[in-house]
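Colleague: The sequence and its predicted three-dimensional model are supplied below.
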Amino acid sequence: MKRVLIVDDEPDVRFMLRLILEQGGYEVDEAINGSSALEMLRGGSPDLVITDLMMPVMDGNELIERLRSDPATGSIPIMSLTSNPDASVGANVVVTKFPEVSEFLAAVLSILDGGPD
Amino acid sequence: MKRLATGIPEFDVVLGAGMEPGSLLVIAGAPGTGKTILTQQICFASATPENKAIYYTTLVEPHLKLLSHVEQFQFFDREALEKAVEFIHLGDLVDHSSDDPLGPIVSEVVRKCVETHPSVVVIDSARALHDFANERQLRRALYDMTSRIAHTGAVLILPGEFTLEERNGPEFALADGIIDLAYDPHEPVDRRWLRVVKMRGARPLEGKHSFQITPTGVEIVPRLETIAPQDAPGLSHGEKMPIGVSQLDEMMGGGVRRTDATALMGPSGCGKTVLSLHYTERGLKDGERCLYISFQETEDQLLAKAASFGIEMEEALSSGRLIIHHVPQGRLDLDAIGAVLRKELTAGAVGRVVFDSLAELVMAAREGHRFPAYARSLMSIIRDAGASVLITSETTTLGPELEATGGLSFLFQNVLLLRYIEIESEVRRALAVIKMRDSSHAKGLVQFEIDDTGFRVMEKLEGITGILGWSALRSSEFGS
């Protein structure tokens, strides 16, 4: 089963994304900001990182930059989830908050070729 | 140090020149009073990519809801999100296992200020911080946060629905500025207002200032008395200017003097508005710009009424020389009326102003004790602008009116009285010049009529007494 790491400072956003992704058959981890995501990534790489941009401690663009510059994480697909798509830098896919469930799962599927398994 | 504009010019005026960099502002008010909209408007109006606004949320509402609400306002700019205005949730940073549960929040806010040099930092709702820490911990956290942020020059704004007891809390003790917002349910229309309780290093405007929430955002109208002098009316001076009805002007020695305030008293339907229209018409004929503030007739109704008396005003209206401002009952607000007046007086020279009528103006006050000071300020700014003003005032239909100017007769250089009289079983109209300060005037009572040419003064009533009573009796009937 493919693993997705959700990075967002808002608990309700994490809750909803987890719900949608788990119903879609994905395994989900959560981090509350970029810094805690980097901590979690030390324990292994997910198949996809979905990150908010505006977060405390470390924002989404800095997280993406750090992931890209590290050979161990540089190839992890990244989706940024933002209210202003123009502000996102370096993500594979940019999705405007808050997407329709089907649109969101389609975007995930476009990155994780072959679906959750 | 240069003060930071809020982006809301009238708010800057109320604050006494914007916000001081490095200061702490508390915006306190019950739910629904406009704290969040005001604060978000400041963020979008003042933020730039170089000096962002950081909007931290605690437990107020999800960002998605916040954004869906704020995007309805014209000040909202989606392009500014992340680049100039950031919305960041702080709730998950609280360390519930520590003796310093708010420590991570303080670290985050200070780090952000040092790294990105924001102009404004908001924590909404600051009240929710009380739920995460005891008073000692909260006081320490707020002290650390405000003292450190002060070095970065960012203004920290703490909106919150603080209770009366909580107003002794650390936010208020540390605050450089305290602003109260309130929602005041009151007929005929509810009102929002704000009051600057404290503003270190500035001279804010005192008292309650009305504001409305409109599609453009928060629109503040500074309390008129705080921005206009409340001088007592000075001596009548300047050249005479005709009222616009020749026989009446003769009675008044040529009319009123420029910058005079004139009260036109009379019962309903007796001719006050008609005479006001003549006054306006004469001003327009003399090349003056005229402002007519009407509380009863709409613009169309007023134009139709004028036309029915042969007074043509449409051309002056379309050319901008005549401004008719209709204030419906549901929009009665003293400060809003004052704002309209100030706007028109500064937009160009105004020769004549009409308020039709005083009763609605008094009703708009809602706070009776406020009205005398307001009226003084109103007259002052009209007089200082070099304009004359005519204010109609309704008296009772039958019998005398002891004080039709609401105790404000000292504000008026001139007082005219219109009234119904009974003569030989007929209801007729009569007028008298009751008072002209520093000027002689005819003392008699004259009949007048309203016909299709408007206000027509007729003969002086001779041998009549009882002017202040309902029946105008012939003196011979008193057995003289």
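Modeller: Ah, there it is.

Colleague: element containing residue A:17?
Modeller: Element membership for residue A:17, per DSSP states H and E: helix A:11-23.

Colleague: Contacts only, for residue B:102.
Modeller: B:94, B:129, B:132, B:133, B:137, B:138, B:141 (C-beta atoms under 8 Å, 6 or more residues apart in numbering or on different chains). C-betas here are computed from N, CA, C, even on glycine.

Colleague: What are the buried residues along the helix holding residue A:17?
Modeller: Across helix A:11-23, burial judged by 16 or more other C-beta atoms under 10 Å in any protein chain shown covers A:13, A:14, A:16, A:17, A:18, A:20, A:21.

Colleague: any residue of that helix up close to chain B?
Modeller: Yes. Using C-beta under 8 Å from any C-beta of the partner chain, we find that helix A:11-23 touches chain B at A:11, A:12, A:13.

Colleague: What is that helix packed up against?
Modeller: The contact analysis (3 or more C-beta pairs under 8 Å, 6 or more residues apart in numbering or on different chains; DSSP states H and E) places helix A:11-23 against strand A:3-7, strand A:27-31, helix A:101-111.

Colleague: any low-confidence regions in the stretch 251-400 of chain B?
Modeller: The model of the stretch 251-400 of chain B has pLDDT under 70 over residues B:364-368, B:397-400.

Colleague: could you redo the last one with a cut-off of 50?
Modeller: Where the stretch 251-400 of chain B drops to pLDDT under 50, the residues are B:400.

Colleague: Spell out which parts of it neighbour chain A.
Modeller: Proximity of the stretch 251-400 of chain B to chain A (C-beta under 8 Å from any C-beta) involves no residue at all.

Colleague: need the strands for the stretch 251-400 of chain B, in chain order.
Modeller: Using DSSP state E, counting those that start in this stretch, the strands of the stretch 251-400 of chain B run over B:256-257, B:261-266, B:290-294, B:322-326, B:352-356, B:388-394.

Colleague: Report the contact partners of the spatially most central residue of chain B.
Modeller: With distances taken as C-alpha atoms, centre = their mean, residue B:335 lies nearest the centre of chain B, 1.0 Å away. Residue B:335 makes contacts with B:209, B:210, B:221, B:222, B:223, B:224, as judged by C-beta under 8 Å, 6+ apart.

Colleague: Would you mind checking these for buried ones?
Modeller: By 16+ other C-beta under 10 Å, the contacts of residue B:335 give B:209, B:210, B:221, B:222, B:223, B:224 as buried.

Colleague: Name all residues that make contact with the third one.
Modeller: The one in question is residue B:221. Residue B:221 makes contacts with B:10, B:209, B:210, B:211, B:333, B:335, B:336, B:338, B:339, as judged by C-beta under 8 Å, 6+ apart.

Colleague: again with the fourth one
Modeller: Residue B:222 is in contact with B:10, B:13, B:14, B:205, B:209, B:335, B:339, counting by C-beta under 8 Å, 6+ apart.

Colleague: can you do 7 Å?
Modeller: When contacts are counted by C-beta atoms under 7 Å, 6 or more residues apart in numbering or on different chains, residue B:222 touches B:10, B:13, B:14, B:205, B:209.

Colleague: before we move on, which element is residue A:65 in?
Modeller: Going by DSSP H and E, residue A:65 is in helix A:60-69.

Colleague: What of residue B:447?
Modeller: Here residue B:447, judged by DSSP H and E, is contained in strand B:445-451.

Colleague: if we can go back for a sec, list of residues touching the helix holding residue A:17?
Modeller: The contact list for helix A:11-23 (C-beta under 7 Å, 6+ apart) reads A:4, A:6, A:8, A:28, A:30, A:50, A:52, A:101, A:104-105, B:62, B:91-92.

Colleague: Just the buried residues out of those, in PyMOL syntax.
Modeller: Entered in PyMOL, the line below selects the buried ones among the contacts of helix A:11-23, by 16+ other C-beta under 10 Å:
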select buried, (chain A and resi 4+6+8+28+30+50+52+104+105) or (chain B and resi 62+91+92)
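
Colleague: Could you check how far residue B:108 is from chain A?
Modeller: 4 Å (C-beta to the nearest C-beta, to the nearest Å).

Colleague: ok, now which ones touch the closest residue to that residue other than its chain neighbours?
Modeller: What sits nearest to residue B:108 in space, not counting adjacent residues and going by C-beta to C-beta, 6 or more residues apart in numbering or on different chains, is residue A:56, at 4.4 Å. For residue A:56, the contact set (C-beta under 7 Å, 6+ apart) comprises A:9, A:33, B:88, B:90, B:93, B:108.

Colleague: unless I'm mixing things up, residue B:265 is touching residue B:417, no?
Modeller: Yes. Applying C-beta atoms under 7 Å, one finds residue B:265 in contact with residue B:417, separated by 5.1 Å.

Colleague: Local confidence estimate at the most centrally placed residue in chain A?
Modeller: The centre of chain A sits closest to residue A:50, judged by C-alpha atoms, centre = their mean, with a distance of 0.8 Å. Note on residue A:50: pLDDT of 96.

Colleague: same check, this time on the one 3 residues further on
Modeller: What the model reports for residue A:53 is a pLDDT of 94.

Colleague: How much space separates it from chain B?
Modeller: Using C-beta to the nearest C-beta, residue A:53 is found at 5 Å from chain B.

Colleague: That residue and residue A:63 touch, don't they?
Modeller: No. Assessed by C-beta under 7 Å, residue A:53 is found out of contact with residue A:63, at 9.1 Å.

Colleague: near chain B, which residues of chain A show up?
Modeller: Within chain A, the residues that sit near chain B (C-beta under 7 Å from any C-beta of the partner chain) are A:9-12, A:32, A:53-57, A:82-84, A:86-87, A:97-98.

Colleague: These, buried ones only, as a ChimeraX selection?
Modeller: Only the buried entries of the residues of chain A next to chain B go into this ChimeraX selection, using 16+ other C-beta under 10 Å:
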select /A:9,10,32,53,54,55,56,57,82,83,84,87,97,98
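
Colleague: Out of the residues of chain A next to chain B, which sit inside helices?
Modeller: Judged by DSSP state H, the residues of chain A next to chain B include A:11, A:12 as members of helices.

Colleague: pull the CA atoms of the strand holding residue B:447 into CSV?
Modeller: Taking C-alpha atoms only, strand B:445-451 is exported to CSV below (Å, rounded to 0.1, in the frame of the first residue of the first chain):
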residue,chain,number,x,y,z
LEU,B,445,-46.8,89.0,11.3
VAL,B,446,-47.5,88.6,7.6
GLN,B,447,-49.8,86.3,5.7
PHE,B,448,-48.4,84.1,3.0
GLU,B,449,-49.7,81.5,0.6
ILE,B,450,-48.3,78.5,-1.2
ASP,B,451,-49.4,78.6,-4.9
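
Colleague: Give the buried residues for it.
Modeller: Result for strand B:445-451 [16+ other C-beta under 10 Å]: buried residues B:445, B:446, B:447, B:448.

Colleague: And these, which is closest to chain A?
Modeller: Chain A lies nearest to residue B:448 out of the buried residues of strand B:445-451, by C-beta to the nearest C-beta, at 68.0 Å.

Colleague: Looking at chain B, which helix is longest?
Modeller: In chain B, with assignment by DSSP H, the single longest helix is helix B:135-150.

Colleague: do you know how far the closest residue to residue B:331 other than its chain neighbours is from residue B:299?
Modeller: Once flanking residues are discounted, residue B:331 sits nearest to residue B:189: 6.5 Å by C-beta to C-beta, 6+ apart. Residue B:189 sits 20 Å away from residue B:299, going by C-beta to C-beta, to the nearest Å.
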